[in-house]
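Novice: From the sequence below, what's the structure:
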Amino acid sequence: MVSRAMRPRNRVLAPALVGLVFLSAWEGVVRWQGIPPYILPGPILIARTVVTDWGTLFPSLLVTLAITAAAFVVSAVLGLVLAVLFTQSAWIERAFFPTR
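Specialist: From the prediction side, this is the model:
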C-alpha cells in the first residue's frame, strides 16, 4: 500500500502549488510596491518578454548552455584526475589534507 505522501499526484501537486504561491506572491509584491521592471520585473513580464523576444534570446541560450556543458565536463575531468591522484599518492593527499 502506497502512503498518501508518496502518491505520484501528491509528489507533483505539492511542489507545483508552492511554486504557484511563490510566483503569485512575487507578482503581488512587485505590483503592490510599484517596483520598476528594471529593478525587479514580475514573472508575468518575464514570461511575456521570453515569448516576444524568443528570436533574440534563443541564440544566447544556446551559447550559455554550451559554456555550461563545457565547464561541467572540465570540472568533472579535473575532479576525476584529482581523485585518482589522491588515491594513488599519500604524499599528495597529505599535502591537501594535512590532518590525516
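Novice: Which strands and helices lie in contact with the lowest-mean-pLDDT helix or strand in the chain?
Specialist: Here the helix or strand of the chain ranked lowest by mean pLDDT, DSSP states H and E is helix 90-96, holding a mean of 83. Where contact means 3 or more C-beta pairs under 8 Å, 6 or more residues apart in numbering; DSSP states H and E, helix 90-96 is packed against helix 54-88. C-beta here means a position set from N, CA and C on the backbone, and glycine is covered the same way.
Novice: So which other helices or strands are in contact with the helix it packs on?
Specialist: So helix 54-88, by 3+ C-beta pairs under 8 Å, 6+ apart, packs with helix 90-96.
Novice: residues of the helix it packs on that come out buried?
Specialist: Buried residues in helix 90-96, counted by 16 or more other C-beta atoms under 10 Å: none are found.
Novice: let's number from 52 now, not from 1
Specialist: All set: I'll call the first residue 52, so the last point we hit is now helix 141-147.
Novice: Distance of residue 81 relative to residue 93?
Specialist: Noted for residue 81: a distance of 4 Å to residue 93, by C-beta to C-beta, to the nearest Å.
Novice: so what's the most centrally placed residue in the chain up against?
Specialist: In the chain, the residue lying closest to the centroid (C-alpha atoms, centre = their mean) is residue 119, at 11.5 Å. Residues near residue 119 by C-beta atoms under 8 Å, 6 or more residues apart in numbering: none.
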